[in-house]
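# got a sequence here, can you model it:
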Amino acid sequence: INTACYQERDKLIKFEGTPVLTNTGKIPAHRVRFRANAAIIKEPLPQNYVFAPGQNEIGEYVLGMKSPMVMHIVVDDYCDQQDVEDIMSGTNGRALHYWGKVSYDDAFGESHETEFCHRICFYPDPEHVGHYKVSGHYLPGRNQAT
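Presented below is the predicted three-dimensional model:
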């Protein structure tokens, strides 16, 4: 899940998730690419909620053994500034979600896919007033790999 950014419109920053993809295999991954999306979504999500796929496939990377790759997944638009705190806390019926699909070929030419979906919230950092820490979790039933 890594980290995320919350909206600061005066600094032109939108809500964004930055998950890290790590090749945990014993061989390099070839043609690594992903299609992802992010949105502020009302909760609770219905069990049959359909997440819109990302519009563009990004990448064609080679990812070596134990190598990480950071993905940047930004919401399409700004939300109302008055809603930012509630979205950050994830406690008033809306939260930042990001999701996607990573595709790659192994060294033997076989294709694989990994789907992910994370829900993110921010909480005040007690050691640094005015700063926030990021917390998140995987949405049940929305993460799988082949």
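# for the residue of the chain most remote from its centre, helix, strand, or coil?
The outermost residue of the chain relative to its centre, with distances by C-alpha atoms, centre = their mean, is Phe108 at 28.6 Å. At Phe108 the chain is in coil, as set by DSSP: H, G, I helix; E, B strand; the rest coil.
# distance of it from Pro28?
For Phe108, the distance to Pro28 (C-beta to C-beta, to the nearest Å) stands at 11 Å. No exception for glycine: its C-beta is placed from N, CA and C like everyone else's.
# next one: Ser103
In terms of C-beta to C-beta, Ser103 sits 15 Å off from Pro28.
# go ahead and confirm Thr37 touches Ala52.
One correction, residue 37 is Asn, not Thr. Yes - assessed by C-beta atoms under 8 Å, Asn37 is found in contact with Ala52 at 5.7 Å.
# neighbour count: those two, which is higher?
In this view Asn37 and Ala52 are compared by other C-beta atoms under 10 Å, and Asn37 has more residues nearby, 18 against 8.
# please name the bridge partners of the more buried one.
Assessed by DSSP bridges, Asn37 has beta-bridge partners Trp99.
# can you check Val74 too?
Beta-bridge pairing for Val74 (DSSP bridges): Glu16.
# can you tell me the SS state at Val84?
With three-state DSSP as the basis, Val84 sits in helix.
# let me see the contact set for it.
Listed by C-beta atoms under 8 Å, 6 or more residues apart in numbering, the contact partners of Val84 are Tyr6, Gln7.
# what is the neighbour count of Leu12?
For Leu12, the neighbour count with other C-beta under 10 Å is 8.
# one more: the one 10 residues further on?
Neighbouring residues of Thr22 were enumerated by other C-beta under 10 Å; the total is 11.
# so it sits right up against Gly64, yeah?
No - Thr22 is beyond contact range of Gly64, at 10.5 Å (criterion: C-beta under 8 Å).
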